[in-house]
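*Asks:* When you get a sec, could you give me coordinates for this:
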Amino acid sequence: MKEQLSLEKTRNIGLAAHIDAGKTTTTERILFYSGKIHRMGEVDDGAATMDWMIQEKERGITITSAVTACYWKGFSINIIDTPGHVDFTVEVERSMRVLDGLVVIFCAVGCVQPQSETVWRQAERYKVPRMAFVNKMDRVGADFYRVIDRMKTVLEANPVPIQIPVGEEAGFRGMIDLVKMKAYIYTEELGKVYDETDIPADLKEKAEKYRKKMIESLAEIDDAILEKYVAGREPDIKEINDVLHKGTISCKIVPVLCGSALKNKGVQPLLDAVLEYLPSPLETPPVTGEDLKGNNVTRTADPEGPFTALVFKVMSDPFVERLSYIRVYSGSVKVGKTVYNVRQKKRERIGRILRMHADHRQEIEHIQAGDLGAVVGLRSAVTGDTLTDEAHQILLEPISFPEPVISVAVEAKTRADQDKLNQAILRIADEDPSFHSRVDEETGQILISGMGELHLEIIVDRLQREFGVHANVGKPMVAYKESIKEPVVSEAKFDRQAEGRGQFGHVKVNLLPLPDGQPNSFKIAADENAIPKIFHQAVLEGMREALDAGALAGYPVIGVEAAAIGGSFHEVDSTELSFRIASSMAVTEALRNAENILKEPVMDVEVVIPEYNMGEVIGDINARRGKIEKMEPGVGGTGVISANVPLSEMFGYSTDLRSLTQGRGTYTMEFSRYEEIPKNIGKNILNRVTGRTY
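*Replies:* Okay, here's the model as predicted:
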């Protein structure tokens, strides 16, 4: 094993994009050229190193984010290959939280696709510095410059091409480096060797034009470059690279490169650019959290500092039971040491530390600030937990995850299968925060919920293959939610007297509807004379539990602020349990008295079809209660329709779209928001679900 390199020579990067843009293929080439693997596997053959799950190999898609590490020109690069399908966006979300830099891959034909927008927004939220790699330059219809334009208009980004392609479509053979003003021409099939030559005469003018644009972009963010530009003097290569680096890590610019990963072109210059422009752990802002008193504190990437790490992924592993993936922000930890889980207030011992390569593992003795790895021995840690020294506790902000939008009923075939099913659901929920389950009180069936039909299909497949569960699976159902339209106040007392000490809790709550899209919030607005601080956490837990089931049909309640505004306590009989029950009762009573509404998930849908089918497809979307957002021309006589459509109307859409377009139409969709259901449709749903007449 190579020694752990200095932080200056470490890069933690992710690859993210829309499905089928070439993330895993690019990662495969990176591992090959860096010497990590000695044979390139192809996604379509089910042989890609990073797609190790059987479901990934069969479907040719990435389902779970895979972590690996490689070495390039004396640098250590930790890489997370993320899924591109919207159903697995949770994997992208937790990866973004721990990355220092991101390579966003765009298809040269498809340009900026829906999931490209999603990952871009996620990177914006976490302020992750980005580079762009325009892949598939060898494909028919590839257009590098169109991708640049779409990045500006759709993503509102500031792309700065530092390469332009040499040739296009089948004639693509390399790229021009606008920093060095040299051409890289690939001459052999494996792409290991490429010639650095003068720029071809027919591209000299275009190269000078785009180099000038690059310098102009850099002059906007750096005074020294601006002075030289105004004076008509050329900056040298080091100056350009320094400003590109500074602009990238400040998220002011996005360097853009091009290539064809499948045809082994452009990957080595991409790796060079990762080292040159993306930040080391030392160049990222200090991580911020709260100490035991609620004060904001920071941790810098110092291997000698107090140990601080975030658990960003948990996996069940057949060989080592439970793997917890961590990003270390400060300090270091060795095998056998005890760490403290701040959220759960538990001590846990590090049994083993592993450097991961997809599903392969290599044991190491310690892990330090700025590094990613996996540890064995954490029995209770879950995604988003903070690990620290017990003497230097800090609670980092947890990772937020989207709510599931679709459910299916699962019923074990035998009593033995029921036990297996329960255990399997617990293990999958441990791994996947976007997977939920509950028991339907009416039918006794287990309802499992996820982010889409494919997500649930993969989970059901895992239940059968991985856990050996034989079960009947129902049809997909929409995960409806409930909310309220007007503020409502209610109170409840929990007063139980028995022999010895009794139980007393009294809480008054105020429920307020929040603007669409805001998550539930909980707060204590009562005086300490009404609810002592020692019971605050119990009150918050009780309010949170009560919102798990609404008053209409038992669906979870969203978009609500629950505030404890009053109450009373007994010096002897009040306990945390009594206050938790009282606050739950008060919220439940408030929901019964409120004007409740039913909400449904609405999806952002993008449909790509032949232009002559636009009329029929638009009519079909309107019939599904959809709202057309925009229509624009696509590539090669196609049209692109963007719309918002309720999820309940999208079941079976792929079959209908094929029928309308003679098999030529394709679509993608992702969750957008929850919206109130029209009253007549909502009544029908409630009648069906509850068996009552509304």
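*Asks:* At which residues are the helices of the stretch 151-300 of the chain located?
*Replies:* Assigned by DSSP state H, counting those that start in this stretch, the stretch 151-300 of the chain shows helices spanning 204-219, 223-231, 237-249, 267-277.
*Asks:* which parts of the last one are buried?
*Replies:* Of the residues in helix 267-277, 267-271, 273-274, 276-277 count as buried by neighbour count, 16 or more other C-beta atoms under 10 Å. All C-beta spots, glycine's among them, are computed from the backbone N, C-alpha and C.
*Asks:* Go through those residues and say which is closest to Val607.
*Replies:* Leu270 (32.1 Å; C-beta to C-beta).
*Asks:* At which residues are the strands of the stretch 451-600 of the chain located?
*Replies:* Secondary structure of the stretch 451-600 of the chain, counting by DSSP state E, counting those that start in this stretch: strands at 471-473, 477-478, 481-484, 488-496, 503-513, 521-524, 560-568, 596-610.
*Asks:* Equivalent analysis for the stretch 51-200 of the chain, please.
*Replies:* Going by DSSP E, counting those that start in this stretch, the stretch 51-200 of the chain shows strands at 66-72, 75-81, 101-107, 130-135, 159-161, 163-166, 174-177, 182-186, 194-197.
*Asks:* Deepest-packed of those, please.
*Replies:* Mean neighbour count (mean count of other C-beta atoms under 10 Å) peaks for strand 130-135 among the strands of the stretch 51-200 of the chain, with a mean of 28.
*Asks:* Tabulate the buried residues of helix 267-277 in CSV, adding columns for distance to Val328 and pLDDT.
*Replies:* Supplementary listing: the buried residues of helix 267-277 in CSV, determined by distance: C-beta to C-beta, whole Å; pLDDT from 0 to 100:
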residue, distance to Val328, pLDDT
Val267, 28, 93
Gln268, 29, 94
Pro269, 30, 95
Leu270, 26, 96
Leu271, 24, 95
Ala273, 26, 96
Val274, 21, 96
Glu276, 25, 96
Tyr277, 24, 96
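*Asks:* TSV please, covering the residues you listed and showing distance to Val342.
*Replies:* Converted to TSV, those look like this (distance: C-beta to C-beta, whole Å):
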residue	distance to Val342
Val267	41
Gln268	42
Pro269	43
Leu270	38
Leu271	37
Ala273	37
Val274	33
Glu276	37
Tyr277	35
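*Asks:* if we can go back for a sec, out of the strands of the stretch 51-200 of the chain, the one nearest Gly691 is which?
*Replies:* Of all the strands of the stretch 51-200 of the chain, strand 66-72 comes closest under C-beta to C-beta, at 46.0 Å.
*Asks:* Now do that closest one: which elements does it pack against?
*Replies:* Counting contacts by 3 or more C-beta pairs under 8 Å, 6 or more residues apart in numbering; DSSP states H and E, strand 66-72 is packed against helix 23-33, strand 75-81, helix 267-277, strand 352-357, strand 372-376.
*Asks:* for that strand, what is the average pLDDT?
*Replies:* Per-residue pLDDT over strand 66-72 has a mean of 87.
*Asks:* and if you look at stretch 437-449?
*Replies:* 77.
*Asks:* Report pLDDT for Arg692.
*Replies:* Per-residue pLDDT puts Arg692 at 72.
*Asks:* going forward can the numbers begin at 790, since that is how I track them
*Replies:* In the new count, where the first residue is 790, that last one comes out as Arg1481.
*Asks:* OK, contacts around it?
*Replies:* For Arg1481, the contacting residues are Leu1475, by C-beta atoms under 8 Å, 6 or more residues apart in numbering.
*Asks:* My reading is that it lies in a helix. Confirm?
*Replies:* No: with DSSP: H, G, I helix; E, B strand; the rest coil as the criterion, Arg1481 is assigned coil and is not in a helix.
*Asks:* separation between it and Leu1236?
*Replies:* Arg1481 is 20 Å from Leu1236, where distance means C-beta to C-beta, to the nearest Å.
*Asks:* Then Lys1202?
*Replies:* 17 Å.
*Asks:* neighbour-wise, which of those two wins?
*Replies:* Between Lys1202 and Leu1236, Leu1236 has the larger neighbour count (other C-beta atoms under 10 Å), namely 18 against 12.
*Asks:* Which helix or which strand is home to the nearest residue to that one once chain neighbours are set aside?
*Replies:* Excluding the flanking residues, the one nearest Leu1236 by C-beta to C-beta, 6 or more residues apart in numbering is Ser1196, at 4.9 Å. Using DSSP states H and E, the element containing Ser1196 is strand 1195-1201.
*Asks:* closest to Asn1411 out of the helices and strands packed on strand 855-861?
*Replies:* helix 812-822 (35.0 Å).
*Asks:* list the helices and strands that closest one packs on?
*Replies:* If contacts are counted by 3+ C-beta pairs under 8 Å, 6+ apart, helix 812-822 sits against strand 799-806, strand 855-861, strand 864-870, strand 890-896, strand 919-924, helix 1056-1066.
*Asks:* Alpha carbons only: can I get stretch 869-881 in CSV?
*Replies:* Written as CSV, here are the backbone C-alpha positions of stretch 869-881 (Å, rounded to 0.1, in the frame of the first residue of the first chain):
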residue,chain,number,x,y,z
ILE,A,869,-17.1,8.8,-5.6
ASP,A,870,-18.9,7.6,-8.7
THR,A,871,-22.6,8.6,-8.2
PRO,A,872,-25.8,7.3,-9.7
GLY,A,873,-27.4,9.3,-12.6
HIS,A,874,-31.0,8.0,-12.2
VAL,A,875,-33.3,10.3,-10.2
ASP,A,876,-34.6,7.5,-8.1
PHE,A,877,-31.2,7.3,-6.4
THR,A,878,-30.6,11.0,-6.0
VAL,A,879,-30.1,10.4,-2.2
GLU,A,880,-26.7,8.8,-3.1
VAL,A,881,-25.7,12.0,-4.8
